[in-house]
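could you look at this predicted model? Sequence included:
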Amino acid sequence: MREEIVKTDITVIGGGLAGVSAAIAAARLGKSVALINNRPVLGGNSSSEVRVWVCGATGHGVHRYARETGIMGELFVENQFRNMDGNPYYWDMVVYETVLAEPLIQLFLNTDVHEVDASGDESDRTIHSVTGWMMGSERRIRYESEVFIDCTGDGLVGFLAGAKHRIGREAKEEYNEEWAPLVADDITLGSTLLFYTKDAGHPVKYVAPSFAKDITKTTIPERRVIRSGDNGCAYWWIEWGGEHDTVHDNEKIRDELWSVIYGIWDYIKNSGKFDADNMTLEWVGSIPGKREYRRFVGEYVLNQNDVLAQLPFKDNVAFGGWSIDLHPPQGMYATESGSKHLHTDGIYSIPFRSLYSINVKNMLMAGRNISATHVAFGSTRVMATCALLGEAAGTGAALCADKAVTPSELYHHHLQELQQTLLRQDASVIGLSNKDEKDLALSANVNASSTLSQLAVQRSDETVALSSDIGLTVPADPEINGLELLVDASKDTTLTVELWDTGRAENYVPNVLQTSASVSISSGSKQWVKLDLQWKPAFAQNAFIIIKANDALELHFSGSTRTGALAYLKGTKPAVDKQLEDRSHDQPAVLWGTRPFERKIPCFRLAATAAFAPEKAIDGFVRPYGGPHLWSSAPMKDGQEEWLELNWAKPVQISTLHLTFNDDVNEDLINLHHHKTPFEVIPNLVKDYRIEAFAAGEWQVVGEFKNNHKRKHIHALEAAITTERIRITVTATNGEPCAEIIEVRAYA
């Protein structure tokens, strides 16, 4: 046996997406990091060992422009480029390679941390080191750091350090939560095992093992949906253990889940009710995917009311958007639906105060163990959100190590620096704008070769009956001054539209009716109809236009979409059987669904818009927020170049440029088997570009990039340049007709 000591600035325990993101974030800020994982692969529940697909704030299409950016966004986009089919082993390598790319991270796989050296009284504790055993290598390793981040999911490190925590459900009166029970208890969400099947191309027999459960003697066939040929994610409801201790009873829970999986497969193969002769089991999980255990107590406890009210925390460092998604304690044996969902009107903020312990002063936490009630945790627990929490915690830890302060001191004295650092790294923060005094771009004037000055979609690919209200969101910047729609009318009739605001800048649901307009239409096809729809809001924001149902009308739709515009159908049918998921379909984000019009838009014309002006690339916002917040050129013609130029009144010295391109965060990407997006690269992304500086009376190329498929690039120039003008010249996109740049930053 070998005894070792590893000293780093920060130690991250747990190699799920929260821990991975925390380690990468800290390392990119110049801190040495030990990343420790007790499994042979990274990714936690998303890894090839467990194979849970990564859910996040999009809610799989419920929320608009909600896909995560930052480190989680990088992983999504890279996986889409390499792994469109969702191979779990390819996903492992995407995560692993992203960690290996950071030279300041020391990675320790197969290392189980089960000892913590901490001191202090109950209210003021400090972690000095953690010790782990590397399985298969007989190495006992002591990790010493100034800052520790518990990303273990189960919260073992914090528990051993004496961190205050909760297990189970709070009483309703404690936080006045509607979905909390009347009396507090120790019930949690259960654990799940998944399985894969495949068609072998020839008959395959199946002899059930002796421990397989006869599911016909349970409520499962009556209360759950069983089909042959479904992908693995269709069986997320094979869940159990909520009434047990999901850690100490882990082996018992696994055995019960196995018995049901092999029993379900016996039912599918041998009951005669399914076309499954050629089907065989390809893979069955062996590690229960845990949903819940310890939740640490931080300086703030996020609760149900915060989530539903979308409370704008001053220490906003991440966002969520998955529904409050709670499951019955009995899991697969429950007679009620497998889950019930409560949706917000849009994405919501998560405060930094929920990411550090209230009594262990040098410990942060990220993932499913953050400071939240059981009900709020029902939303924050999903992995893409956990990754955002990891990036925020890792960024906070790096600043703590740099300044020799505690996380609490960082919050109270350096909050703006934390938030601005997150923005500079393209992390997922909403409602904050760039105020970085070192960013020279903020003092520049901006112009461009061209600008998309009219928002319109005119090519018709199909018609859609106006049998239900159809919605259209577009930017009102600075106003809406008339609307044209392309329609077919089977008889003389009247078309009516309403214009609503969306309330919050991060929401895409109708909030308050602002105005309406109607027009008489004669019978006929392909008519451009003008509506006198007028609205000039006090500030630029999105408009939600409702095209009222009319059985005499059909709308023309195009498959050629436009940035900033989305279509909705009111009252869409639930995507999942009510036996599996219980959703309230009168909640606005659910009532107005975009799935029926995925990558489709009504043919429309708006008057002039300033939503895509060149100065939008330095307006401080890097996500859609009451508007798209990007520069867009006019549609590019064959061989045409488009450019965005920054110029200064006096020469400036530039050594680094940050370029953020549009990766359409409305597109719901996935890592594994839930669904498939039909392109490797987001079409909106700039493909080929060059960076030019005006010096010695001429334009000089200082950087060039081909075949880009990423959202953000940081270009460190070979030598610092003194110039009054910088250009980013776009020569090709990945499919969309316009060149689009979200943000340019320039640093000396």
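All right, it came through fine.

low-confidence ranges in the stretch 451-600 of the chain?
574-576 (pLDDT under 70).

redo that, cut-off 90
Within the stretch 451-600 of the chain, the stretches falling below the threshold (pLDDT under 90) are 560-561, 572-586, 595.

can you show me the strands along it?
Under the criterion DSSP state E, counting those that start in this stretch, the stretch 451-600 of the chain contains strands at 454-457, 462-465, 470-476, 480-489, 493-501, 513-521, 524-535, 541-547, 553-558, 566-570, 581-583, 592-593.

contact partners of the fourth one?
Put plainly, it is strand 480-489. Contacts of strand 480-489 with the rest of the structure, by Cβ atoms under 8 Å, 6 or more residues apart in numbering, involve 458, 460, 463, 466, 474, 495, 497, 499, 517, 521-536, 543, 545, 547, 552-556, 602-608. (C-beta placed from N, C-alpha, C; glycine too.)

repeat for the first one
Applying Cβ under 8 Å, 6+ apart, the contact partners of strand 454-457 are 474-475, 558, 560-562, 564-565, 601-609, 611.

isn't Glu3 right up against Trp133?
No - using Cβ atoms under 8 Å, Glu3 is not in contact with Trp133, being 11.0 Å away.

give the residues shared as contacts by the two.
Residues touching both Glu3 and Trp133 by Cβ under 8 Å, 6+ apart: Arg140.

higher neighbour count, the two?
Comparing Glu3 with Trp133 by other Cβ atoms under 10 Å, the one with more neighbours is Trp133, at 17 against 9.

can you report phi and psi for the more buried one?
The phi/psi pair for Trp133 (degrees, to the nearest 10) reads phi -110, psi 120.

tell me the contacts of it?
Trp133 touches 111-112, 114, 139-141, counting by Cβ under 8 Å, 6+ apart.

now, of those, which are buried?
Buried subset of those (neighbour count, 16 or more other Cβ atoms under 10 Å): 111-112, 139, 141.

and the two most separated of these?
The span of those, defined through Cβ to Cβ, is set by Asp112 and Arg139 at 11.4 Å.

now Asp255: closest residue in space, sequence neighbours ignored.
Phe211 (7.4 Å; Cβ to Cβ, 6 or more residues apart in numbering).

so that neighbour, which of the three states?
coil (DSSP: H, G, I helix; E, B strand; the rest coil).

what's the answer for Asp664, then?
coil.

next one, pLDDT for it please.
On pLDDT, Asp664 comes in at 97.

what residues are up against the nearest residue to it once chain neighbours are set aside?
Spatial nearest neighbour of Asp664, chain neighbours left out: Asn684 (4.8 Å); criterion: Cβ to Cβ, 6+ apart. Residues near Asn684 by Cβ under 8 Å, 6+ apart: 563, 661-664, 733-736, 740.

same question for Pro329.
187, 190, 242-243.

would you list the phi and psi of it?
phi -60, psi -30.

check the one 3 residues further on too.
Met332 has phi and psi values of phi -70, psi -20 when expressed as degrees, to the nearest 10.

isn't it right up against Val225?
No - applying Cβ under 8 Å, one finds Met332 not in contact with Val225, separated by 11.8 Å.

quick one: which of these two has more around it?
Met332 (24 against 15).

how much space separates that one from Gly263?
Separation of Met332 from Gly263 (Cβ to Cβ, to the nearest Å): 11 Å.

Provide the strand pairings for the longest strand belonging to the chain, with the direction of each partner.
The longest strand of the chain (DSSP state E) is strand 712-733. If you go by DSSP bridges, strand 712-733 pairs up with strand 642-661 (antiparallel), strand 686-695 (antiparallel).

between these, which one is nearest to Ala318?
With Cβ to Cβ as the yardstick, what comes closest out of the strands paired with strand 712-733 is strand 642-661 (18.2 Å).

pLDDT on that closest one, on average?
97.

the residue nearest to Asp619 when sequence neighbours are not counted: what secondary structure?
The shortest distance from Asp619 to any non-neighbouring residue, by Cβ to Cβ, 6+ apart, is to His629 (6.1 Å). Per three-state DSSP, the local secondary structure of His629 is coil.

all further residue positions should be reported with the first residue as 490.
All set: I'll call the first residue 490, so the last point we hit is now His1118.

and His1118, what does it touch?
Counted by Cβ under 8 Å, 6+ apart, His1118 has contacts 1105, 1108, 1110-1112, 1231.

quick one: the residues you listed as CSV, columns for distance to Ala886, neighbour count and pLDDT too.
Formatted as CSV, the contacts of His1118 follow (distance: Cβ to Cβ, whole Å; neighbours: other Cβ atoms under 10 Å; pLDDT from 0 to 100):
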residue, distance to Ala886, neighbour count, pLDDT
Lys1105, 33, 24, 98
Asp1108, 30, 19, 98
Phe1110, 26, 22, 98
Val1111, 23, 28, 97
Arg1112, 24, 25, 97
Ile1231, 27, 26, 98
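
let me know the closest of those to Gly545.
When the contacts of His1118 are compared against Gly545 (criterion: Cβ to Cβ), the nearest one is Arg1112, at 13.8 Å.

pretty sure that closest one sits in a strand.
No - assessed with three-state DSSP, Arg1112 is coil; it does not lie in a strand.

wait, it touches Asp1152, no?
No - Arg1112 lies out of contact with Asp1152 (Cβ under 8 Å); the separation is 10.8 Å.

who touches both of these two?
In contact with both Arg1112 and Asp1152: Thr558, using Cβ under 8 Å, 6+ apart.

helix, strand, or coil at Gly883?
Once three-state DSSP is applied, Gly883 turns out helix.

ok, it - contacts?
With Cβ under 8 Å, 6+ apart, Gly883 has these contacts: 499, 501, 510-515, 522, 638, 855.

and the buried ones among the contacts of strand 943-946, selectable in PyMOL?
To isolate the buried subset of those in PyMOL, counting by 16+ other Cβ under 10 Å, use the following:
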select buried, resi 963+964+1047+1049+1050+1051+1053+1054+1090+1091+1092+1093+1094+1095+1098+1100
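
in helices only, show me the contacts of strand 943-946.
Residues of the contacts of strand 943-946 located in helices (DSSP state H): none.

show the pLDDT at the residue nearest to Asp1153.
Taking Asn1173 on its own, its pLDDT is 97.

can you tell me, leaving aside adjacent residues, what's nearest to Gly810?
Distances taken as Cβ to Cβ, 6+ apart put Ala546 closest to Gly810, at 2.8 Å, once the chain neighbours are dropped.

OK, contacts around that neighbour?
Ala546 neighbours (Cβ under 8 Å, 6+ apart): 552, 555-557, 808-811, 836, 873-874, 917.

with Ala876 as the reference, measure out to it.
11 Å.

what sits in contact with each of these two?
What both Ala546 and Ala876 touch, as defined by Cβ under 8 Å, 6+ apart, is the set Glu557.

still on that earlier bit, of the buried ones among the contacts of Trp622, which belong to strands?
600-601, 628, 630.

what about the helices in the stretch 840-989 of the chain?
For the stretch 840-989 of the chain, applying DSSP state H, counting those that start in this stretch gives helices covering 863-869, 872-892, 896-913.

packing partners for the first one?
Helices and strands in packing contact with helix 863-869 are listed as helix 793-798, strand 813-815, helix 872-892; criterion 3 or more Cβ pairs under 8 Å, 6 or more residues apart in numbering; DSSP states H and E.

at 10 Å instead, please
helix 661-664, strand 784-785, helix 793-798, strand 805-809, strand 813-815, strand 828-831, strand 837-840, helix 872-892 (3 or more Cβ pairs under 10 Å, 6 or more residues apart in numbering; DSSP states H and E).

any chance of the contacts of Ala546 in CSV, with pLDDT and distance to Lys850 too?
As requested, the contacts of Ala546 are arranged in CSV below (pLDDT from 0 to 100; distance: Cβ to Cβ, whole Å):
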residue, pLDDT, distance to Lys850
His552, 97, 36
Ala555, 98, 34
Arg556, 98, 35
Glu557, 98, 29
Phe808, 98, 27
Gly809, 98, 26
Gly810, 98, 31
Trp811, 97, 31
Ile836, 98, 31
Ala873, 98, 29
Thr874, 98, 26
Ser917, 94, 27
